[in-house]
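Enquirer: got a predicted model here, sequence first, then my questions.
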Amino acid sequence: MLNNTLAMLPELLPPEASTFAKDTDSTFMFITWVCIFFFVLIVGLMTYFVVKYKRKSEDEVTPNISHNLFLEIIWSVVPIILVLFMFYWGYVAYAKMMDPVAVLGEDGGEHIDLYVNGKQWSWDITYPGGFTINSKDSLKMKNEEEFTWSPKELISEGKENNITSYMTVPVNVPVRLSMTSNDVIHSFAVPAFRIKKDVILNRNAIIWFKATKPGLYIYTCNEMCGIDHGHMIGYLRVVEQDEYDKFMKALDVPLPPEKQWAAGKKLYLNSCSACHSLDGSPRVGPSWKGLYGKKGHKMVDGSTVDVDDDYIRESILNPNAKKAEGFGAAVMPIQKLNEKQLSYLMQFIKSPDKDPNTKPENK
Amino acid sequence: MSEAGTNYINHEKGIMSWLTTVDHKRIGLMYLWSAVAALAAGGFFALMIRFQLMSPENDLISKQTYNQAFTLHGVIMVFLFIIPSIPAALGNFVLPIQVGAKDVAFPRMNLASYYIYVVGSIMALAAIALPYFIEGWKPLDAGWTFYAPYSKQTAGPVILMTMAAFVLGFSSIFTGLNFIVTIHKLRVKGMGWYKMPLMLWALYATSILQVLATPVIGITLLLLAMERVLDIGIFDPAKGGDPVLFQHFFWFYSHPAVYIMILPGMGVISELISTFCKKVIFGYNAIANSSIAIAVISFFVWGHHMFLSQQTTFSSMVFSFLTFGVAIPSAIKIFNWVATLYRGSIDLKTPMCYALSFLFLFTIGGLTGLYLGTLSTDIILHDTYFVVAHFHYVMFGGTVIAFFGGLHFWWPKMYGVMYNEFWGRLACGIIFIGFNMTFFSQFFLGSTGMPRRYHSYAGDAHVAETWKSMSGLSTMGAVILGCGIAIMFINLLISLKTGKKAPRNPWGATTLEWETQSPPVHENFEEEPKFTREPYSY
Ligand SMILES: [Cu+2]
Ligand SMILES: [Cu+2]
C-alpha cells in the first residue's frame, strides 16, 4: 500500500551514478527531513490555531502576549544548529568535487583525462588520443537506437562507429574533466554524477568524478547561451572496464574505406568549416577549392610549394610552419587530431566535392 | 475642516488633476494600476512559456520567441511589477498616513519618481516592440540576468532594455529616499521608533536597500552598454575581460533586490495577522530588528548565485555560511507570526486568507532555500527548475500574495467601498491551488536535473517520465492561477460600482490610517492626528 503510493510519486533525484551521489544525496535527504519537520510544525500549528481560535463574537478579548524569551531562544538556536550541519556537509562535498588535486593527489593517481569544450551549441569531448566526440552524435544515436541499444551487439555487427558516438567512461576509474568554452558561458552538468560547472572562454575549469553505475545518462548545458541552449545536450555511457577497452579500441579501428570520406567531411564540418570554405571564398583561412594538387602555391614569405599529402599534413599539424599568402596574420589553431582522423580529412580535402567511392551511376 | 463627502479622489477632477498631482495617495494609485498592467503583461509571457513547455517536444512557439518570452517575463515582473508593487503602490498610499503626515517629505520628487517609472516603462516597451518594426533588430533573448558575454553577442536591443532598467532604478531610489526622510522627520508626535507599525519598519529597511544597492546595478548596466558599443573589454573574455565580474556586480544589486521585494511583503503580513487576530503582534522587537538585520546581511550573500561560476572554493564557503545567516531572521519572523495566531480571535476575511496563504507558501519558499544555500546540493540544483520553483515561492508566494492581501486590506481605504467577501476568498483559494500546482511540480523537475530556459526537453530514460508529467501539471496549474487572479481583479473592480460604502475602520485595526475617513480627505486627516494608541494594542 505505502509502496504503491510511493511509486506513484515523481522521481526525486536522478540515478546515483557516481561516488558524489551518496554524500550529496544524504545531505539532500537530511535537508528534506528538516523541511518536512518545520513545514508540518508551522502549517500544522497554523491550521490548528485557525480552527481553534476562529472568531466567535465581535467583542472577543485577546490576551496580551508580547513575547516569550524562552520560546524565542529555542526557535533561534535550534535552526542555527541545524543549518550549521547543512553548511558543513555541503562544503566538504563541494570542495571535493572542485578540487581533484586534493583527492587524486598531485600526480593525479590513476585517472583518465578528458577535455570538454562547450560551443554554441554542442559539446566536444576529446579523448587523450585526440579523438573528439560531439554531443550531437549521441542525440542522433539516441533517436535511432532508443535505450535498448547494447554495445556488444553493435560490435558483433561491425558497427563500431556507433559506439564512438557516445562520450564513454569506465566505472570506478576517476575521470578528470578539463573544460573550456569557445564562445559564451556554458555550464557542463551531469545530473546522474551530481557534477556541474560553468565553462568560460580562455579559462580552464577542472572537475572530476568517479562513475559507479553502468548506464546511459544525459548531460546538459545549464547556462543560457543563445537560441539553441535547449538543445545543447548529449548522452554519455558508463560501461564496465572491458567494454571501455573495446570503446578505446573502436576509437582506433579505422572505418571501412567507403565511410572514410564521409567521416572526413564530418570532421571538416565540425572543426574546420568555420575558417575554410569549399567554394573559393576566403574565410579566416584560405578556401580548399582546388587546393589539392595545386602547383606553385604561394606562401607569405614569397616561396612556393606544391600541394601534396605532405604539405597538407604539415599545414594541419604545424600550421605556422608555412603560411599561405594573404593569411600571414591569421592564426590557425593547432588541431587535436589522431592519425586516423588525419587520413579521413586528407581524403576529403583531396576531393571535397564528391565521395570518390560512390560510383557515378549511383542513381 | 473639509465638507462632508469630499475626499482625495473627488476633490479635484479631470485627467490633468491626476497627472500633475503631488498627493501621495493619487501617486500610489497610479503606481498601483501601472504595476497591475505590468503584471498582466508579465503574466501573458508566463503563460506563453508554460504552453510551450506543456509537452516535451512541443513546437508551439519558435525557439527565438521562447527565449524572448522568458526574458521579458523576467524583466517585466522584476523591474516593472514586483519592485514597485508594494513599496511604490501600497507604500506610497499608506506610509504617510501611517506616520500621521499630510504627505511624504518631498511630494514633487514623489511625482518625479512616477514619471521616471513611466519613462523607464516606455523604454522597456520599446525594447519589446521595436524588433518587430525595425529591420535587422532581433527580439531580446539574454534572460533578465543579462549575463556577459552572451548579452554582448546577442542581436537583441540589450542596450535599450538595460537603459530602461537603469532609468527605473532612479524611480526606485527616489521613492526610497522619500520614505527614509518621511519616516525620520514626519512621524506624528509620540510615535517613537519602536512604536511604529511594522509595515513602516519593513518599508524603512527596504528603502535603505533601494538607495544603497540600486546605483550598483545602474553602473553595471552602463558598463555592459559600453562593452557593447565601445568594446572596452571589461566583461568579454575574448578581449581579456572577466564575465564573472559581471555576475559579481549584477548580484551585488540583485540579491539585495530580492529583499527589496520580500521585506515590504513581510511588513504587510505583520499588519494583516495582528489585525485579523485582534491581538498584539508576538515579538514586535524581534520582527522590527530582523527587518534591519536582513537588510544588512543581504548585502553580503550575493555569491550564492555563483557557486558554480568558477569563483574560488573559499568564497563559496563564506557565501554559503552568510546565506544561512540570513535564513535565521526570516525563520524567526515566521515563528512570530504563527505565535501571534495563538489564542487570537481569528477572522478569516479575505486579507487574512492571503496572509495564511503567505505563511504556507513562504515557508516552503524559505525552506527550499536551504537546499540552494548548501554547497553540495546546490551543485545538483543550480540553474534548474528547482531554483525557478524556489524563487517563485518566495517572490510570488511571498511578495505577490502579500501584495494581494494588502490590496484587499487597504482597498476600502483607497476607494471607500467594500468588495464581495465570497468572491474575494474564492479567488484567494483558486490562486493558492493554481500556484501550488504550477510551482510545486517544478521542484521535482529541478531535483531530477531539468535545466532552466530550455525550449524543449527530453531527458534520459530515468527522468523522461517525471519531466513530462510534472511539466504538464505545471502548465495546468498556471492556467488555474491565471483564472484566480482574473477573478480577484474582477471582484475588486465590480466593487467600485456596486460595493457597499466602507466605514472608517472596517477591520478594527489600530494604526493611524484607519482613523481618518474612507477614502481619506485631500491631506489625509480632517483634524491633526494624535498618537493615542500604540499599534497592535487591542
Ligand atoms: Cu547553454
Ligand atoms: Cu540571492
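Expert: The structure has been received and is ready for your questions. Numbering: from 1, shown residues only, chains lettered A, B, ... in the order given. Ligands and ions are numbered 1, 2, ... in the order given.
Enquirer: every contact and neighbour count from this point should use C-alpha atoms.
Expert: Will do.
Enquirer: name the helix or strand for A:A189, please.
Expert: strand A:186-190 (DSSP states H and E).
Enquirer: show me what that strand is packed up against.
Expert: Applying 3 or more CA pairs under 8 Å, 6 or more residues apart in numbering or on different chains; DSSP states H and E, one finds that strand A:186-190 contacts strand A:112-119, strand A:195-199, strand A:215-221.
Enquirer: which SSE is immediately downstream of the second one?
Expert: This means strand A:195-199. strand A:205-210.
Enquirer: can you check the first one too?
Expert: Secondary structure here is assigned by DSSP H and E; on that basis, the next helix or strand after strand A:112-119 toward the C-terminus is strand A:122-126.
Enquirer: CA-only coordinates of that next one in PDB, if you can.
Expert: Output of strand A:122-126 as PDB, limited to C-alpha atoms (Å, rounded to 0.1, in the frame of the first residue of the first chain):
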ATOM      1  CA  SER A 122      27.100  21.400 -28.700                       C
ATOM      2  CA  TRP A 123      29.800  19.800 -26.500                       C
ATOM      3  CA  ASP A 124      33.100  18.400 -27.800                       C
ATOM      4  CA  ILE A 125      34.600  15.700 -25.700                       C
ATOM      5  CA  THR A 126      38.200  15.000 -26.700                       C
END
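Enquirer: give me the contacts around that strand.
Expert: For strand A:122-126, the external contacting residues (CA atoms under 8 Å, 6 or more residues apart in numbering or on different chains) are A:114-118, A:132-136, A:167, A:231-234.
Enquirer: in the chain, where is pLDDT below threshold?
Expert: Using chain A. A:1-10, A:102-103, A:105-108, A:129-130, A:141-162, A:253-256, A:330, A:335-336, A:357-363 (pLDDT under 70).
Enquirer: other chain: chain B
Expert: Using pLDDT under 70, the flagged stretches of chain B are B:1-4.
Enquirer: now the strands: where do they sit in it?
Expert: B:417-418, B:500-501 (DSSP state E).
Enquirer: closest to A:K140 out of the ones you listed?
Expert: Smallest distance to A:K140 across those (CA to CA): 61.9 Å, for strand B:417-418.
Enquirer: direction included, what does that closest one pair up with?
Expert: strand B:500-501 (antiparallel) (DSSP bridges).
Enquirer: and the strand it pairs with, how far out from the chain's middle?
Expert: 30 Å (CA atoms, centre = their mean, to the nearest Å).
Enquirer: and the contacts of it?
Expert: Residues from elsewhere that reach strand B:500-501 (CA under 8 Å, 6+ apart): B:416-419.
Enquirer: between those, which is nearest chain A?
Expert: Nearest to chain A out of the contacts of strand B:500-501 is B:M418 (CA to the nearest CA; 18.5 Å).
Enquirer: please name the bridge partners of that closest one.
Expert: B:K500.
Enquirer: verify the stated contact: it with B:S495.
Expert: Yes: between B:M418 and B:S495 there is a contact at 6.4 Å, judged by CA atoms under 8 Å.
Enquirer: which one of the contacts of strand A:122-126 is nearest to ligand 1?
Expert: A:M232 (6.0 Å; CA to the ion).
Enquirer: run a quick neighbour tally on the closest one.
Expert: Counted with other CA atoms under 10 Å in any protein chain shown, the neighbours of A:M232 add up to 24.
Enquirer: OK, contacts around it?
Expert: So A:M232 contacts A:120-123, A:135, A:220-221 (CA under 8 Å, 6+ apart).
Enquirer: now the two most distant members of those residues.
Expert: For those, the farthest-apart pair by CA to CA is A:Q120 and A:T220; their separation is 12.8 Å.
Enquirer: buried stuff in the longest helix belonging to chain A?
Expert: Looking across chain A with DSSP state H, the single longest helix is helix A:19-52. Within helix A:19-52, the residues scored as buried using 16 or more other CA atoms under 10 Å in any protein chain shown are A:19-21, A:23-25, A:27-28, A:30-32, A:34-35, A:38-39, A:42-43, A:45-47, A:49-50.
Enquirer: what helices or strands is that helix leaning on?
Expert: For helix A:19-52, the packing partners by 3+ CA pairs under 8 Å, 6+ apart come out as helix A:69-98, strand A:205-210, helix B:313-341, helix B:350-373, helix B:375-381.
Enquirer: quick one, that helix and helix B:350-373 angle?
Expert: Here the directions of helix A:19-52 and helix B:350-373 differ by 160 degrees (axes from the mean of the first three to the mean of the last three CA atoms, to 10 degrees).
Enquirer: just want the angle from helix A:19-52 to strand A:195-199.
Expert: Helix A:19-52 runs at 100 degrees relative to strand A:195-199, counting by the same axes, to 10 degrees.
Enquirer: just the strands in the stretch 251-363 of chain A please.
Expert: Using DSSP state E, counting those that start in this stretch, the strands of the stretch 251-363 of chain A run over A:297-298, A:304-305.
Enquirer: just those strands: most buried one?
Expert: strand A:297-298 (a mean of 16; mean count of other CA atoms under 10 Å in any protein chain shown).
Enquirer: what helices or strands is it leaning on?
Expert: strand A:304-305.
Enquirer: next one: the strand it packs on to chain centre, how far?
Expert: 42 Å.
Enquirer: what residues sit buried inside stretch A:306-323?
Expert: Buried residues in stretch A:306-323 (16+ other CA under 10 Å): A:306-307, A:309, A:312, A:315-317, A:319-320, A:322-323.
Enquirer: got it, and stretch B:303-323?
Expert: So stretch B:303-323, judged by 16+ other CA under 10 Å, has buried residues B:303-310, B:313, B:316-317, B:319-323.
Enquirer: what about B:L47, how many residues nearby?
Expert: Residues near B:L47, counting by other CA under 10 Å: 17.
Enquirer: circling back: which of A:Q120 and A:T220 has more residues huddled nearby?
Expert: Under the criterion of other CA under 10 Å, the comparison of A:Q120 against A:T220 puts A:T220 first, with 26 against 18.
Enquirer: now the closest residue to that one other than its chain neighbours: phi and psi?
Expert: What sits nearest to A:T220 in space, not counting adjacent residues and going by CA to CA, 6 or more residues apart in numbering or on different chains, is A:I233, at 4.4 Å. With angles defined as degrees, to the nearest 10, A:I233 sits at phi -120, psi 170.
Enquirer: picking that back up, show me the one of the strands of the stretch 251-363 of chain A that comes nearest A:K350.
Expert: Of these, nearest to A:K350 by CA to CA is strand A:297-298, at 15.3 Å.
Enquirer: how close does B:Y371 get to B:G446?
Expert: 12 Å (CA to CA, to the nearest Å).
Enquirer: cool, A:W75 as well?
Expert: For A:W75, the distance to B:G446 - CA to CA - is 30 Å.
Enquirer: so who does B:A286 touch?
Expert: Going by CA under 8 Å, 6+ apart, the list of residues near B:A286 reads B:332-333.
Enquirer: what does B:S171 give?
Expert: Here B:S171 is in contact with B:112-117 (CA under 8 Å, 6+ apart).
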